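In: sharing a model prediction with you, sequence too.
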Amino acid sequence: MRTTITTTAIVCALATAASATAAAELTTNGGFETGDTSGWEYFPTPSSTFTADGDAFSGAFAGRLENVTDGTAAVIKQANIGLGVVTPGIQVDISFWAKGANEIGGVNFAELFSEIDGGGVSKTEILGGAPLFVTGDWTFYSFTTTAGPDVSGGITLQLTATTGANIGSTSLLQVDDVSVTAVPAPGAAAVL
């Protein structure tokens with residue numbers, strides 16, 4: 001009987017340790033399966049739209065960000081996520097499916113910000129170091145980085161549909177299955 005209790009206790013402790021080191025999902029409505037854009041912040045241009053759309057990679061919905069105002073950026077964000085979970089220097093994994101179309105100078109960006117409580121950032125990063133090269137086909141994007149030295153305001157994933165200064169510039173970005181996870185360092189599990 002004592003061996004069974006000890007074995008059970010060890011199995012429970014190992015399961016607890018494993019879950020403590022598992023990556024924590026930080027996004028809300030990353031797959032747009034609520035059928036709307038809840039969980040996302042939207043910063044529009046005079047002629048942009050952000051909707052949940054039925055042209056999805058998986059499930060029933062995806063996000064659709066379209067900008068047709070020359071020389072502007074329409075922005076969507078998962079803002080100030082991971083409060084109390086993300087720590088300075090922690091590994092952050094970002095992934096999503098995207099497709100779109102850009103004309104006459106339009107581009108799309110994915111950026112990560114380490115936010116400081118009260119305003120400002122301690123680190124900014126254009127994921128991949130350049131614009132996303134979206135096509136009319138769903139493409140998987142995946143990035144691994146680290147949080148900045150101050151994440152008292154959490155972290156923010158920002159996606160843009162940016163147009164050029166040329167007349168007639170357009171940018172369309174569709175995204176689905178957006179995921180941002182924080183990965184604890186090995187050995188960061190709770191002491192048993």
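Out: Alright, I've got the coordinates.
In: helices of the chain, start to end?
Out: Along the chain, the segments classed as helices by DSSP state H run 2-21.
In: show me where this protein has strands.
Out: Secondary structure of the chain (DSSP state E): strands at 24-25, 41-43, 48-53, 62-67, 73-81, 91-103, 107-115, 121-126, 139-146, 155-162, 170-183.
In: which strands or helices does the fifth one pack on?
Out: Spelled out, that is strand 73-81. Here strand 73-81 touches strand 41-43, strand 48-53, strand 62-67, strand 107-115, strand 155-162, strand 170-183, going by 3 or more CB pairs under 8 Å, 6 or more residues apart in numbering; DSSP states H and E. In short, each C-beta sits where N, CA and C put it, glycine included.
In: same question for that strand, mean pLDDT?
Out: Per-residue pLDDT over strand 73-81 has a mean of 98.
In: so which bits of that strand are buried?
Out: Neighbour-count burial for strand 73-81, counted by 16 or more other CB atoms under 10 Å, picks out 73, 74, 75, 76, 77, 78, 79, 81.
In: ok, of those residues, which one's closest to residue 63?
Out: Among these, residue 76 lies closest to residue 63 (CB to CB), at 6.8 Å.
In: re the thing from before, now render the helices and strands packed on strand 73-81 as JSON lines, adding mean pLDDT and distance to residue 141.
Out: Formatted as JSON lines, those follow (pLDDT from 0 to 100; distance: least, CB to CB, whole Å):
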{"stretch": "strand 41-43", "mean pLDDT": "98", "distance to residue 141": "20"}
{"stretch": "strand 48-53", "mean pLDDT": "98", "distance to residue 141": "18"}
{"stretch": "strand 62-67", "mean pLDDT": "98", "distance to residue 141": "14"}
{"stretch": "strand 107-115", "mean pLDDT": "98", "distance to residue 141": "7"}
{"stretch": "strand 155-162", "mean pLDDT": "98", "distance to residue 141": "10"}
{"stretch": "strand 170-183", "mean pLDDT": "97", "distance to residue 141": "9"}
